[in-house]
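Chemist: All I have is the shape, not the residue letters:
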């Protein structure tokens, strides 16, 4: 009789262990969400040089960059991203993604005249010299592009649960991005009506900068979640990013910055109550 009772107890304990293991596995699986987003990226770069070496036979790198910086401005492009969100607890989650982002700056060459030099690689003349004497307005936008595969590693802190309404969740976001260089070039765009050798767009590989293969940046922003359905959320994630170290390894230093606004959707496996 005692042996029978022991068997029953052992069987009950075994069942409890199995149920506990299954429950733990369910919670572990339910802690992972998937997301996809696309964002508008306003970006530019802080460019500088302290080098006294000659850049072009007439100017040092420092002089060249000082003269070029007056015509440098920001640019706009779009960035897609996918990733996962792992819930640590009700207050924190980890966000890891994979995205494509193009950063850099734009340099404008305005009011160009006959025999002015543009940029090496524009046309077949030395220095991209303009050899056609016409009355057409001549402006060129040089888009310096660092094309990256970006891996964002972020922590989201949920502020006091539902702040705005029952369906909204506000978070503070911070972390870093690891960037793998895919390509670095200049896209030269001529204004409407202006062509050089019947072309209004040029791809130039030689930019003057030597882009590093891998770089890192800091990221800080917020995330707003809207509960659409039980397993779906819409998100808006404004983010500021800055590269504290130069992404160029030669005499010209470049520290890109960007502000992007990501819009996307989360597919949630989690049934944890917030």
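Modeler: Great, that's in hand. The structure presented is a predicted model; accordingly, all values stated were derived computationally and were not measured.

Chemist: quick one: the strands in the stretch 151-274 of the chain?
Modeler: All strands of the stretch 151-274 of the chain, identified by DSSP state E, counting those that start in this stretch, fall at 168-190, 201-204, 214-227, 232-242, 253-268.

Chemist: Residue 141: which of those is closest?
Modeler: Closest approach to residue 141 among these (CB to CB): strand 168-190, 4.7 Å. To be clear about C-beta, it is placed using only N, CA and C from the backbone, and glycine gets the same treatment.

Chemist: what's next to stretch 219-237, contact-wise?
Modeler: Contact with stretch 219-237 is made by 35, 37, 39, 152, 154, 156, 166-177, 238-241, 261-269, 271, as judged by CB atoms under 8 Å, 6 or more residues apart in numbering.

Chemist: Quick check on those residues: which are buried?
Modeler: Neighbour-count burial (16 or more other CB atoms under 10 Å) applied to those gives 35, 37, 39, 152, 154, 156, 169-171, 173, 175, 177, 239, 241, 262, 264, 266, 268.

Chemist: Map the structural domains onto the sequence of this structure.
Modeler: 1-30, 33-268 (automatic domain parsing).

Chemist: so of those domains, which one's packed in deepest?
Modeler: Stretch with highest mean neighbour count among the domains of the chain: domain 33-268 (a mean of 16; mean count of other CB atoms under 10 Å).

Chemist: Please identify the helix or strand for the spatially most central residue of the chain.
Modeler: Nearest to the mean C-alpha position of the chain, counting by CA atoms, centre = their mean, stands residue 101 at 4.5 Å. Element membership for residue 101 (DSSP states H and E) is strand 92-109.

Chemist: what's the angle between that strand and strand 214-227?
Modeler: Between the axes of strand 92-109 and strand 214-227, defined by axes from the mean of the first three to the mean of the last three CA atoms, to 10 degrees, the angle is 120 degrees.

Chemist: so what secondary structure elements neighbour strand 92-109?
Modeler: When contacts are defined as 3 or more CB pairs under 8 Å, 6 or more residues apart in numbering; DSSP states H and E, strand 92-109 packs onto strand 32-48, strand 72-73, strand 75-87, strand 140-158, strand 168-190, strand 253-268.

Chemist: Can you list the strands that that strand pairs with?
Modeler: strand 72-73 (antiparallel), strand 75-87 (antiparallel), strand 140-158 (antiparallel) (DSSP bridges).

Chemist: can you tell me how far residue 67 sits from residue 123?
Modeler: Using CB to CB, to the nearest Å, residue 67 is found at 22 Å from residue 123.

Chemist: One more: residue 227?
Modeler: Note on residue 227: its distance to residue 123, by CB to CB, is 56 Å.

Chemist: swap in residue 195?
Modeler: Separation of residue 195 from residue 123 (CB to CB) stands at 10 Å.

Chemist: Next: residue 132.
Modeler: Residue 132 sits at a distance of 10 Å from residue 123 (criterion: CB to CB).

Chemist: Find residues that contact each of the two.
Modeler: Here residue 132 and residue 123 have residue 196 as joint contacts, going by CB under 8 Å, 6+ apart.

Chemist: returning to what we had before: tabulate the strands of the stretch 151-274 of the chain (TSV), appending distance to residue 106 and mean pLDDT.
Modeler: TSV is the format used below for the strands of the stretch 151-274 of the chain (distance: least, CB to CB, whole Å; pLDDT from 0 to 100):
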stretch	distance to residue 106	mean pLDDT
strand 168-190	9	95
strand 201-204	14	92
strand 214-227	19	96
strand 232-242	18	96
strand 253-268	12	96
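
Chemist: could those go into JSON lines alongside distance to residue 93?
Modeler: Output for the strands of the stretch 151-274 of the chain, formatted as JSON lines (distance: least, CB to CB, whole Å):
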{"stretch": "strand 168-190", "distance to residue 93": "8"}
{"stretch": "strand 201-204", "distance to residue 93": "41"}
{"stretch": "strand 214-227", "distance to residue 93": "10"}
{"stretch": "strand 232-242", "distance to residue 93": "12"}
{"stretch": "strand 253-268", "distance to residue 93": "11"}
